[in-house]
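Colleague: I need the structure of the sequence given here:
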Amino acid sequence: MQKEDFISAEEFCVSHDIEVSFISSLHDNGLIDIEVFDENIYIYPNQLSQLEKISHFYYDLGINLEGIETINYLLEKMDEMQQEI
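Modeller: Below you'll find the model as predicted:
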């Protein structure tokens with residue numbers, strides 16, 4: 001993928017009124033994948049909905065990163081179980 005295929009983390013953060021360091025924290029905790037081009041952080045387009053959901057948990061509901069990790073794990077398990085059924 002080329003740089004043009006990604007979403008700028010800075011643009012995402014400005015449009016959602018969040019901090020760019022939040023994106024880095026999510027990446028450090030393994031919740032999202034990012035790419036870095038020319039020292040700027042970019043988000044994979046397929047992770048946009050996941051990032052918006054996580055941002056809602058953190059900023060609107062006040063859930064910390066550890067809680068978000070747990071919620072994310074449980075949601076993934078639910079999806080796996082639903083696919084099995």
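
Colleague: hmm, who's touching the one helix or strand Glu76 maps to?
Modeller: Counting by DSSP states H and E, the element that carries Glu76 is helix 65-84. With contact meaning Cβ atoms under 8 Å, 6 or more residues apart in numbering, helix 65-84 is reached by Ser25, Leu26, Asn29, Gly30, Leu31, Ile54, Phe57, Tyr58, Ile63. All C-beta atoms are positioned from the backbone trio N, CA, C, and that covers glycine.

Colleague: ChimeraX command to pick out the buried ones of the residues you listed?
Modeller: Restricted to buried positions by 16 or more other Cβ atoms under 10 Å, the ChimeraX selection for these reads:
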select :26,31,54,57,58,63
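
Colleague: can I get the contacts of helix 65-84 in a markdown table with pLDDT, distance to Cys13 and secondary structure?
Modeller: Shown next, in a markdown table, are these (pLDDT from 0 to 100; distance: Cβ to Cβ, whole Å; DSSP: H, G, I helix; E, B strand; the rest coil):
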| residue | pLDDT | distance to Cys13 | secondary structure |
| --- | --- | --- | --- |
| Ser25 | 93 | 12 | helix |
| Leu26 | 93 | 12 | helix |
| Asn29 | 91 | 17 | coil |
| Gly30 | 91 | 20 | coil |
| Leu31 | 92 | 15 | coil |
| Ile54 | 93 | 13 | helix |
| Phe57 | 94 | 16 | helix |
| Tyr58 | 94 | 13 | helix |
| Ile63 | 95 | 19 | coil |
